[in-house]
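S.K.: what follows is a predicted structure for the sequence shown.
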Amino acid sequence: MNSAFKAIGLFALAVCAWAGPRPVAPVPNPCTPRFAAGSVVHNPPALYSSNGQLNVRFSYQQTTDSVGRLLHCFMTDTGLQEPTLHVTPGDTLSITVTNNTPPQPFGETFLAPNCGDATIQYTPPPSGITSTGSSVNLHYHGTNVTPQCGGDNVTKTLINSNTTFQYSFTFPLDEPPGLYWYHPHVHGLAERDLLGGATGALVVDGIENAQPAVAGVREKFIVIRDQPQVQGLPEGPGNCGVNVPFQDIGVNYVPIDSHATFNSKGNLTGITFTPGVLLMQQGETQFWRVVNSSADTILDLQVLYDGVPQTMQVVAIDSVPVNSQDGTQPGQLIPVTRFRLPVASRVEFLVPAPAPNVKVAQLVTNNINTGPEGDCDPTRPIFNIQLANSADTIDDRVGPVTGANTQQRFGGLSNTAISTTRVFQFSEIQPTQFFITEVGQTPVVFDNNNPPAVVTTQGSVEKWIIQNIAQENHEFHMHQIHFQVLSQDNFEANGSPQAPAIDGQFLDMIEVPFWVGKKNVPIPQVQVLMDFRGMDIGTFVYHCHILSHEDLGMMAIIQVNPK
């Protein structure tokens, strides 16, 4: 046998012998615990990196709840549901995922080459691989990590039923310390999977070095999810006050289901919500780390003590400590009395406990005018705050300051020359076609096999103007990088408030409210600086993160070429 045939034979043997990552067995009683309405809100379970490495093994499973709603979850092989994952800059995160959900028909072909299990990687079908109704993958939302296979890649990674895939990637040494999160991101299934609850928090530790005000403070991780409303009723209008919501919500798996009553004529006569309970000690300040990991629900947060808005000191937005990227350290906190939290966004803030004489202390979300064709996101409580002794509030505290935060990943962005300016528009053809389009191009519904809509070069800084010509709110999310907010334009002309505290800050999520559709009224838009100076080379996506919109096509691919 000549050397060429020997090489081919050895390669074939290696392929057959390589078994890939060890599958994760199904976990008994998946997607538990999920709690009763009115329960105490506890921090999720947590896993921490050690010696620069965090290894996690997830079984992706499904079940139904007592009213028949479909639940999805990532369970560790030790039985933890969606644990909070803690890493530090420079750490490597390795996650093995086995899809233990039953096969389902229907799908979209991802043309080769693809990422996936060992069979897909080593013997790709010529035409690619087809997603099914049970396919899954993971997006590490907000992280500035590689979009290559094995990293934060959503357009080429499919984990179908009974297959296993391993993610493994390293966080940059200058990754901002703050709150990120993880969730499934298969186009066409994203809304369903998040409504099922398959989301968890991801933390890059060390925020106390960028914002010393949080050092030693008790921290609460507040993961807000949504789910189909328990009664399945028609929702209220896009500016609905207190009405039947588009989706019910929950906090750390404590449901805040809506229960509506109607008179004999079918008119709404009352709606109730049962909030959860969060415990605080008298006189303490807590560090609340809030992620809106819902599929569709925009939040407008306030802390109310007997109806009086309290000052929340904003520490970080979308994983980046505020006022931390330019100038002297530490960053200065931003005081607000309300905070707009788009779907998928995060905010971290300090909150003082209520005085003992306060009768009703609550975290609430206020009614949002999402436009004539928008969803009902009504005023409703999230949890009541109760004072308790220390024995009832056993939670982690932020560590001590260990040194100044010298890593400013986005430092100097506002002083960097702009390579190009682009204008994008959100638009719709109701009820099934949704678009995000660079002006001058033809609107197209997203397909994983579409060519890149934008091509740019690593090291560039671009100005993007993102407009909304639709009659409902949309939300812009960019994978792999952050952007700096320059302005929010023409919001008030269309009856929408500007979001507080975000101008000048670095985000990966921003809301663009609806346009009233009149020629004499300017189109709402945001202007941002896109920072392509990091390590991220390859293709990834940008989209509306209201996932009912993304699943209907409001997403596009960007390609970043090396310098």
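M.R.: Okay, I see it.

S.K.: and the helices in the chain, which stretches?
M.R.: Counting by DSSP state H, the chain has helices at residues 3-17, 118-122, 190-195, 207-210, 547-550.

S.K.: hey, least reliable of these by pLDDT?
M.R.: With a mean of 36, helix 3-17 has the lowest mean pLDDT of the helices of the chain.

S.K.: do you know how far the residue positioned nearest the centre of the chain is from Ala295?
M.R.: What sits nearest the mean C-alpha location of the chain, by Cα atoms, centre = their mean, is Ala344, with 3.3 Å. As for Ala344, its distance to Ala295 is 9 Å (criterion: Cβ to Cβ, to the nearest Å). The way it works is simple: take the backbone N, C-alpha and C, and place the C-beta from them, glycine included.

S.K.: related to what we said a few turns ago, the residue nearest to the centre of the chain - nearest residue in space that isn't next to it in sequence?
M.R.: Nearest in space to Ala344, with sequence neighbours left out and distances taken as Cβ to Cβ, 6 or more residues apart in numbering, is His545 at 4.2 Å.

S.K.: and that neighbour, its phi and psi?
M.R.: With angles defined as degrees, to the nearest 10, His545 sits at phi -90, psi 10.

S.K.: ok, the closest residue to Phe434 other than its chain neighbours - contacts?
M.R.: Spatial nearest neighbour of Phe434, chain neighbours left out: Met554 (3.8 Å); criterion: Cβ to Cβ, 6+ apart. Met554 makes contact with Phe426, Phe434, Phe435, Ile436, Phe446, His474, His543, Cys544, according to Cβ atoms under 8 Å, 6 or more residues apart in numbering.

S.K.: got a list of what the residue lying closest to His474 once chain neighbours are set aside touches?
M.R.: Nearest residue to His474 in three dimensions, chain neighbours excluded: Phe426, at 4.1 Å (Cβ to Cβ, 6+ apart). Phe426 makes contact with 434-436, 466-470, 474, 476, 512, 544, 554 under the criterion Cβ under 8 Å, 6+ apart.

S.K.: low-confidence bits of the protein, can you list those?
M.R.: For the chain, the stretches with pLDDT under 70 are 1-19, 106, 117-127, 328, 390-394.

S.K.: Ala260: neighbouring residues, count only.
M.R.: Residues contacting Ala260 under the criterion other Cβ atoms under 10 Å number 18.

S.K.: oops, could you answer that again for Asp300 instead?
M.R.: Using other Cβ under 10 Å, Asp300 has 18 neighbouring residues.

S.K.: ok, now how distant is it from Thr261?
M.R.: Distance of Asp300 to Thr261, computed by Cβ to Cβ: 25 Å.

S.K.: next: Ala361.
M.R.: To Thr261, Ala361 is 27 Å away according to Cβ to Cβ.

S.K.: more neighbours, these two?
M.R.: Each of Ala361 and Thr261 has its neighbours counted (other Cβ under 10 Å); Ala361 has more, 21 against 10.

S.K.: start to end distance for stretch 263-279?
M.R.: This stretch, stretch 263-279, spans 37 Å end to end (Cα to Cα, to the nearest Å).

S.K.: how distant is it from the center of its chain?
M.R.: With Cα atoms, centre = their mean, to the nearest Å as the basis, stretch 263-279 stands 28 Å off its chain's centre.

S.K.: list of residues touching that stretch?
M.R.: Residues outside stretch 263-279 that contact it (Cβ under 8 Å, 6+ apart): 37-41, 220, 236, 242-244, 251-252, 254, 256-262, 362-363, 378, 380-388, 392-393.

S.K.: out of the residues you listed, which are buried?
M.R.: 39-41, 220, 236, 242-244, 251-252, 254, 256-260, 362-363, 378, 380-385, 387-388, 393 (16 or more other Cβ atoms under 10 Å).

S.K.: looking at the residues you listed, which are in strands?
M.R.: 220, 251, 254, 256, 258-260, 362-363, 380-385, 387 (DSSP state E).

S.K.: now, among these, which is nearest to Cys73?
M.R.: Of all these, Val254 has the smallest distance to Cys73: 15.6 Å, by Cβ to Cβ.

S.K.: the closest one reaches Phe35, doesn't it?
M.R.: Yes - in terms of Cβ atoms under 8 Å, Val254 counts as a neighbour of Phe35; the distance is 4.7 Å.

S.K.: if I look at the two, which residues touch both of them?
M.R.: Here Val254 and Phe35 have no joint contacts, going by Cβ under 8 Å, 6+ apart.

S.K.: quick one on the thing from earlier: surely the residue nearest to Ala344 and Val343 touch.
M.R.: Yes - between His545 and Val343 there is a contact under Cβ under 8 Å: 4.8 Å.

S.K.: what's the overlap in contacts for the two?
M.R.: Glu475, Met509.

S.K.: that older thread, beta partners of the residue nearest to His474?
M.R.: Applying DSSP bridges to Phe426 gives these bridge partners: Ile436, Asn468.

S.K.: how about His183?
M.R.: Counting by DSSP bridges, His183 forms beta bridges with His139.

S.K.: measure the residue nearest to His474 to Asp65 for me?
M.R.: Counting by Cβ to Cβ, the separation of Phe426 from Asp65 is 33 Å.

S.K.: try Asn162
M.R.: Taking Cβ to Cβ as the measure, Asn162 falls 24 Å from Asp65.

S.K.: do the same with Ile469
M.R.: 39 Å.

S.K.: between the contacts of Phe426, identify the one with the most neighbours.
M.R.: When neighbours are counted by other Cβ under 10 Å, His474 leads the contacts of Phe426 with 32 neighbours.

S.K.: surely that residue and Glu550 touch.
M.R.: No - His474 is beyond contact range of Glu550, at 9.9 Å (criterion: Cβ under 8 Å).

S.K.: what do those two both touch?
M.R.: Counting by Cβ under 8 Å, 6+ apart, the common neighbours of His474 and Glu550 are Cys544.

S.K.: and for Leu173, the neighbour number?
M.R.: Close neighbours of Leu173, defined as other Cβ under 10 Å, add up to 11.

S.K.: wait, it sits on Asp91?
M.R.: No - using Cβ under 8 Å, Leu173 makes no contact with Asp91, being 9.9 Å away.

S.K.: now do the contacts for the closest residue in space to Glu208 that isn't next to it in sequence.
M.R.: Once flanking residues are discounted, Glu208 sits nearest to Ala215: 4.2 Å by Cβ to Cβ, 6+ apart. Contact analysis of Ala215 by Cβ under 8 Å, 6+ apart lists Glu208, Val398, Gly399, Pro400, Val401.

S.K.: any idea how far Ala215 lies from His545?
M.R.: 32 Å.

S.K.: again with Thr199
M.R.: Distance from Thr199 to His545, counting by Cβ to Cβ: 12 Å.

S.K.: surely Thr311 and Ile334 touch.
M.R.: No - using Cβ under 8 Å, Thr311 makes no contact with Ile334, being 10.3 Å away.

S.K.: with neighbour numbers in mind, choose between the two.
M.R.: Neighbour tally, Thr311 and Ile334, criterion other Cβ under 10 Å: the higher count belongs to Ile334, 20 against 13.

S.K.: who does the more buried one form a beta bridge with?
M.R.: Beta-bridge partners of Ile334, counted by DSSP bridges, are Val314.

S.K.: so it sits against Val322, correct?
M.R.: Yes - taking contacts as Cβ under 8 Å, Ile334 lies within contact range of Val322: 5.3 Å.

S.K.: between the two, what contacts are shared?
M.R.: The contact sets of Ile334 and Val322 overlap at Val314, Ala501 (Cβ under 8 Å, 6+ apart).
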